[in-house]
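Colleague: Let me see the structure of the following:
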Amino acid sequence: MSKFADIKIDPGVVRRAAGGDAKAHEIIYRAFATPVYSICLRFTKAPANAEDLVQETFIEIMRSIASFRGEAALGSWIRRIAVTKSLMFLRSAWTKRGQALADGWDDMTAGDAVSHGISSHPDDAMDLDAALANLPDVSRAVIWLHDVEGFTHKEIADLMGKTESFSKSQLSRAYQRLRPMLSAEKSTQPDGAAVGSY
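Modeller: Modelled structure (predicted):
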């Protein structure tokens, strides 16, 4: 579950930040910088890009905090800004590469799990981050938003400018793509005997 919901900021700090108080801005930054960086890194896969997005996110937060109405938790509002900035970054990257907000599903074959750094030894821990990193950008974003951040398909569709069906199909395809990687982890036992797929 997202760490954003666990962070509590005194409403007085938010009011002071809305009035331009630099100390209040710093309190909010220190409280949320780590989870904002984490979510930006999940989308970009590059620390330098994630750091840039953290700065862009907090510039937007401080610029817009006077319009924060408190209808949702501050963490939910900040999380949405971070996600929006991350998706804008991905859209820009897709545009630069001449791609639409599309699937890119043939980027990796199911049999490539081991060659992408996922161990074939069952006693080694599955590196879920590595598996997720091998998903196409859109699918990785959808699975992260839905399963970790708790966004609904409607919210994801709105963020991406797509339909709910698009979000659901991307999530389904992400699961289908991850399944062979997980199966590769379970395919042999320590004595080398094959294990049935699940």
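
Colleague: Can you give me the domain assignment for this protein?
Modeller: Structural domains annotated on the chain: 4-96, 105-186, as defined by automatic domain parsing.

Colleague: quick one, helices of the protein?
Modeller: In the chain, helices defined by DSSP state H lie at 11-18, 22-44, 47-64, 74-96, 128-133, 137-143, 153-160, 164-186, listed in chain order.

Colleague: Tell me which of those helices sits most buried.
Modeller: Mean neighbour counts were taken over the helices of the chain using mean count of other CB atoms under 10 Å, and the top value, a mean of 24, falls to helix 137-143. C-betas here are computed from N, CA, C, even on glycine.

Colleague: Using PDB, write out every CA atom in it.
Modeller: The C-alpha coordinates for helix 137-143 follow below in PDB (Å, rounded to 0.1, in the frame of the first residue of the first chain):
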ATOM      1  CA  ASP A 137       6.100   1.500 -19.700                       C
ATOM      2  CA  VAL A 138       2.300   1.700 -19.900                       C
ATOM      3  CA  SER A 139       1.700  -1.700 -18.400                       C
ATOM      4  CA  ARG A 140       4.100  -1.100 -15.600                       C
ATOM      5  CA  ALA A 141       2.400   2.200 -14.900                       C
ATOM      6  CA  VAL A 142      -1.100   0.600 -14.800                       C
ATOM      7  CA  ILE A 143      -0.100  -2.300 -12.600                       C
END
